[in-house]
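> let's see this in three dimensions:
(2 chains)
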There are 2 protein chains.
Amino acid sequence: MPSHSAPLPATDPPPLRRVTVLSGGVGGARFLQGLLHGLRSGLVPGGSADTEVTVVANTADDWWIHGLKVCPDLDTVMYTLGDGIDVDRGWGRRDETWSAKTELEAYGVEPTWFGLGDRDIATHLVRTQMLEAGFTLSQVTEALCRRWQPGVRLLPMSDDRVETHIAVADPDSPSGRRVVHFQEYWVRLRAEVAAESVLVVGQEAATPAPGVLEAIAETDLVVLPPSNPVVSVGTILGVPGLRDAVRTTSAPVVGLSPIVGGTHVRGMAAQVLASIGVEVSAAAVGAHYGARSAGGVLDAWLVDERDADQLSRLEDAGLRARAVPLMMTDHDATARMAAAAVDLVASGRR
Amino acid sequence: MPSHSAPLPATDPPPLRRVTVLSGGVGGARFLQGLLHGLRSGLVPGGSADTEVTVVANTADDWWIHGLKVCPDLDTVMYTLGDGIDVDRGWGRRDETWSAKTELEAYGVEPTWFGLGDRDIATHLVRTQMLEAGFTLSQVTEALCRRWQPGVRLLPMSDDRVETHIAVADPDSPSGRRVVHFQEYWVRLRAEVAAESVLVVGQEAATPAPGVLEAIAETDLVVLPPSNPVVSVGTILGVPGLRDAVRTTSAPVVGLSPIVGGTHVRGMAAQVLASIGVEVSAAAVGAHYGARSAGGVLDAWLVDERDADQLSRLEDAGLRARAVPLMMTDHDATARMAAAAVDLVASGRR
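Numbers count the residues shown, from 1 in each chain, chains lettered A, B, ... in the order given. Got it, this is the predicted structure:
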């Protein structure tokens, strides 16, 4: 075995001591599972079981329901990495029961279209009580993670209340439109109505949660996983100071396209991209994030092999780009995506 | 059929248009079930399906747990009369699940000895959210009863926070004693430790809930069911103004002994009676309530047939007393108890 105190050969990948990921819910959580698997198994160049992963999670999907503070993206990451997730649904707890939901419906309490599972309610009870006792969302998240041991440092993007609302056409309204909370758009309307615009309430006044800016400044790599570029990664980057931190970190920044073959793999990126006038393509999303050399947030952008014809367009926008398989079919496939992302930015240094 | 506008024969019982019951939890709820059965079936003299029953329920067992406002006695009455109770346990919901409890334990959240069922949690979520929105406990209770249709008007004794605490011996404490919430005494300690004293926090500052004094003043009969004379009926009577209302109502006041054969039928009356220096006997509890003619709250007191030897002692205390079977083995048996109570006060008028 080579001695680790000896100088590394020039061809060895630089060690990845710290990785920071800006994550939404289901897609981000699955990517993180694959990333951790890739780091621990050696699939990811330079990574190891000691690589510290910090996750800055979107909190703009959060809301209060039945008096409980619910944080879907934080919980999806926590449950997924802590092996408590319902794998088939992709959200919520495994072996969940729905007694309280049935009862709330029997009481006629609105909204009935958003169901809280009984196991999940325990998480929200702990969170709500801690928040009402004066703890911050960061502190609450840390406390909840003591049980789940997700293997990452999980940070909310902000401890302040930031909420995504979506304007939709509504012929019954005098103004012809209606503004609904993100959860209503996604869960009740199933994103089947066109999103006219995205309004992120409270975003201008929000500040990044403790540790977020440092995690971006002091990392070896920033990754934008294949999360929604508007209502997940977009709302994270929209917290004042956060986009600048990504722009100015000395670490490389690499992203993975959530758009494959002209539409999202899951979720509703197509709908919200349309609302902000961005074409629903891997290249357009890469260009929307933009190259850091041109005032954007990315150095490199991975697209699916089906979108290989868009590479030159990305390179024209100043991005290092590569086409690889981007379907997270299992942990190995996802780990290879993470490895390809690391390799793509490393190749820029060689 | 006789015309109802014709004068009633002198031997007919006076009509019972309104009955007001001061109730604790399980024992009170079972008595109320039998009372309603007796009124509807004609077993109770003068009663009918139109007799309006008002329940003034003890709220001194209430507490906040996991951020939820829990009202055990109100809920036991509501679930029992609304046919949602777990009949075997006597409290909580039928077909209950315990997922949230399991999860709260996994989070290590104290207290773990007080379990909230998932169905039950829905009730507490609705209540807590309404209270936090500014509704009173009376308004919340009325809203919850819209679903349960208990067949009675259910009033909390007070909308103010009143909480029973119990002082117990604790050799590990510098003072040699420790004060625990009623729920901790009952659920965690199972009332197996001697109660040194009963402290009802907030009682002096409480006011009766809207409608309570009127329900006592304008009724045809006040009933003290076989609930705990200290921590159920005692805390109701302890709300300022309430004891005076019972003393001065023009309606007769009759009670049923919770002590049968020298101990309680269920619950922990023996322990708390000892703490206030009252002998654990049917006669002593009747004398503790006292005759209205001597400044107490009772006109008549029913004891179990096993305690027939105590009747003369009760009569000496100024109470009309009778011994009948007092075991609530089924609705018919309980209805006969209610009938005996009505008959006992009616006999005083003949």
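
> what about the closest residue in space to residue A:177 that isn't next to it in sequence, neighbour count?
In space, and not counting its chain neighbours, residue A:177 is closest to residue A:167: 5.2 Å by Cβ to Cβ, 6 or more residues apart in numbering or on different chains. (Glycine included, C-beta is placed from N, CA and C.) Using other Cβ atoms under 10 Å in any protein chain shown, residue A:167 has 18 other residues around it.

> how many other residues sit next to residue A:311?
Residues near residue A:311, counting by other Cβ under 10 Å: 19.

> next one: it from residue A:104, what distance?
According to Cβ to Cβ, to the nearest Å, residue A:311 stands 50 Å off from residue A:104.

> likewise for residue A:56?
Taking Cβ to Cβ as the measure, residue A:56 falls 33 Å from residue A:104.

> how about residue A:263?
According to Cβ to Cβ, residue A:263 stands 35 Å off from residue A:104.

> related to what we said a few turns ago, and the contacts of the host helix or strand of the residue nearest to residue A:177?
Using DSSP states H and E, residue A:167 sits in strand A:163-169. The contact list for strand A:163-169 (Cβ atoms under 8 Å, 6 or more residues apart in numbering or on different chains) reads A:60-63, A:176-182, A:185, A:189, A:193-202, A:231, A:235, A:272, A:275.

> check stretch A:140-151 too.
Stretch A:140-151 has contacts (Cβ under 8 Å, 6+ apart) with A:36, A:53, A:71, A:74, A:77-82, A:84, A:123, A:126-127, A:130-131, A:135, A:154-156, B:106-108.

> if any of the residues you listed are buried, put those into a PyMOL selection.
In PyMOL, this line selects whichever of the contacts of stretch A:140-151 come out buried by 16 or more other Cβ atoms under 10 Å in any protein chain shown:
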select buried, (chain A and resi 36+53+71+74+77+78+79+80+81+82+84+123+126+127+130+131+135+154+155+156) or (chain B and resi 107)
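
> please name the bridge partners of residue A:179.
residue A:167 (DSSP bridges).

> would you confirm that it contacts residue A:199?
Yes - using Cβ atoms under 8 Å, residue A:179 is in contact with residue A:199, at 6.5 Å.

> tell me which of those two has more neighbours.
residue A:179 (17 against 12).

> could you pull out the helices in chain A for me?
Residue ranges of the helices in chain A, as given by DSSP state H, are A:26-41, A:72-81, A:99-106, A:118-132, A:137-148, A:182-183, A:212-217, A:233-237, A:242-248, A:269-275, A:282-289, A:311-316, A:331-347.

> would JSON lines of the ones you listed with distance to residue B:333 be doable?
Formatted as JSON lines, the helices of chain A follow (distance: least, Cβ to Cβ, whole Å):
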{"stretch": "helix A:26-41", "distance to residue B:333": "58"}
{"stretch": "helix A:72-81", "distance to residue B:333": "51"}
{"stretch": "helix A:99-106", "distance to residue B:333": "31"}
{"stretch": "helix A:118-132", "distance to residue B:333": "37"}
{"stretch": "helix A:137-148", "distance to residue B:333": "49"}
{"stretch": "helix A:182-183", "distance to residue B:333": "52"}
{"stretch": "helix A:212-217", "distance to residue B:333": "67"}
{"stretch": "helix A:233-237", "distance to residue B:333": "64"}
{"stretch": "helix A:242-248", "distance to residue B:333": "70"}
{"stretch": "helix A:269-275", "distance to residue B:333": "65"}
{"stretch": "helix A:282-289", "distance to residue B:333": "74"}
{"stretch": "helix A:311-316", "distance to residue B:333": "83"}
{"stretch": "helix A:331-347", "distance to residue B:333": "64"}
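
> tell me where the model's unsure across the stretch 251-350 of chain A.
Applying pLDDT under 70 to the stretch 251-350 of chain A picks out residues A:349-350.

> residue of it nearest chain B, please.
At 24.8 Å from chain B, residue A:331 is the closest residue in the stretch 251-350 of chain A, using Cβ to the nearest Cβ.

> so that residue touches residue A:37, yeah?
Yes - counting by Cβ under 8 Å, residue A:331 does reach residue A:37; the two are 4.4 Å apart.

> so where is chain A shaky, pLDDT-wise?
Ranges of chain A meeting pLDDT under 70: A:1-11, A:349-350.

> same thing but at 90, please
In the predicted model, chain A carries pLDDT under 90 at residues A:1-14, A:265-269, A:346-350.

> residue contacts, residue A:123?
Counting by Cβ under 8 Å, 6+ apart, residue A:123 has contacts A:75, A:144, B:103, B:107.

> can you give me the neighbour number for the closest residue to residue A:93 other than its chain neighbours?
In space, residue A:93 comes closest to residue A:119 once its chain neighbours are excluded; the distance is 4.0 Å by Cβ to Cβ, 6+ apart. Residues lying near residue A:119 (other Cβ under 10 Å) number 24.

> what's the distance between residue A:119 and residue A:206?
Residue A:119 is 30 Å from residue A:206, by Cβ to Cβ.

> is it true that residue A:72 touches residue A:23?
No - in this structure residue A:72 lies outside contact range of residue A:23 using Cβ under 8 Å: 12.0 Å.

> which one's more surrounded, the two?
Per other Cβ under 10 Å, whichever of residue A:72 and residue A:23 has more neighbours is residue A:23, with 30 against 23.

> what number of residues lie near residue A:59?
Counted with other Cβ under 10 Å, the neighbours of residue A:59 add up to 27.

> skipping adjacent residues, who's closest to it in space?
Closest residue to residue A:59 apart from its sequence neighbours, by Cβ to Cβ, 6+ apart: residue A:156 at 4.6 Å.
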